[in-house]
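Asks: Would you be able to build a 3D model of this:
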Amino acid sequence: MNADKGTSNKQNKEVDGLIKKGYITIIAGPCAIENSKQFEETAKVISALGISYMRGGAYKPRTSPYSFQGLEEKGLEILKKIGEKYNLKTVTEVTDTVNADIVADYADVLQIGTRNMSNFALLKKVGEIAFKRKKAVILKRGWASHIKEWLLASEYLGLEGEVEVILCERGIRTFDTNTRFTLDLAAVPVIRKLSKLPIIIDPSHAMGQSDLVIPMSRAAVAAGADGLIVEAHYDPASALVDGQQSLNPKEIEELLKQVKRVASVIGKKVR
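Replies: From the prediction side, this is the model:
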């Protein structure tokens, strides 16, 4: 395939899955599953607000080898148990071909993180699993990747057959240090021009500061994004991972209120 001519996106057959036409899909939850109490308390908040998708990391690829690496399969067990209890669809990251099948046993939606966007063996494995098990896949943009590289990476997920693939812009690395990364909202209209794939925004990782998440969420919806994936924790101060960028219960509620207002202007609803 010639990258200069865009991507075929054969995997983007429209289904009523994670992304639904006319709606903004919200995915919320902690960066990492720390224990049952933490995940359940956060799930209570998310469910009460009418959010249908909950995120939570069980396998955590970390820059520092001394940081919390996740509970692994024990975390997946918590993810599945709490998700079913509160009728929440679950989203978690697949970090390696070795644990890909295990993750798929527990989670509803598989996520490929920024570090693995160009891990082509993993992309092919996850695409194969997603096709066979009818699961959606969220593909985060690499923090130093061009948009066409991102789109070509998405093609690996569809090699076995049609898979619901959702692109996720989560910030790219630039010279500016005022935020954790630089959120490239221009990616939304560019993706619209080059591809038929839906795109969601992760303002939490891009901003790295909780007080900046709501403003950038509004901007993302206004730019035409199909959804948001945000970090939320019932008590961010106690979080083992990324507490500084996680929304507390009041902030999650406020995010929903503001996003709904913006969505209504462009004729969309929030779910």
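Asks: what's the lengthiest helix in the chain packed up against?
Replies: Secondary structure of the chain per DSSP state H: the longest helix is helix 249-265. Other helices and strands packing on helix 249-265, by 3 or more C-beta pairs under 8 Å, 6 or more residues apart in numbering; DSSP states H and E, are strand 23-29, helix 36-48, helix 213-223, strand 227-231, strand 269-270. Every C-beta, even on glycine, is put in place using the N, C-alpha and C of the backbone.
Asks: Quick check: mean pLDDT of the shortest one?
Replies: So that's strand 269-270. For strand 269-270, mean pLDDT rounds to 97.
Asks: Residues contacting that strand, please?
Replies: Residues outside strand 269-270 that contact it (C-beta atoms under 8 Å, 6 or more residues apart in numbering) are 22-24, 26, 256, 259-260, 263.
Asks: which neighbours does it have in its sheet, and in what orientation?
Replies: strand 23-29 (parallel) (DSSP bridges).
Asks: mind listing what's buried in the partner strand?
Replies: Under the neighbour-count criterion of 16 or more other C-beta atoms under 10 Å, strand 23-29 has 24-29 buried.
Asks: ok, now stretch 248-257?
Replies: Neighbour counts over stretch 248-257 (16+ other C-beta under 10 Å) mark 248-249, 251-252, 255-256 as buried.
Asks: Pull the most distant pair out of those residues.
Replies: N248 and L256 (13.3 Å; C-beta to C-beta).
Asks: Go ahead and flag the most central residue of this protein.
Replies: I229 (4.8 Å; C-alpha atoms, centre = their mean).
Asks: ok so, going back, distance to R55 added to the helices and strands packed on helix 249-265, as JSON lines?
Replies: Shown next, in JSON lines, are the helices and strands packed on helix 249-265 (distance: least, C-beta to C-beta, whole Å):
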{"stretch": "strand 23-29", "distance to R55": "4"}
{"stretch": "helix 36-48", "distance to R55": "10"}
{"stretch": "helix 213-223", "distance to R55": "14"}
{"stretch": "strand 227-231", "distance to R55": "6"}
{"stretch": "strand 269-270", "distance to R55": "17"}
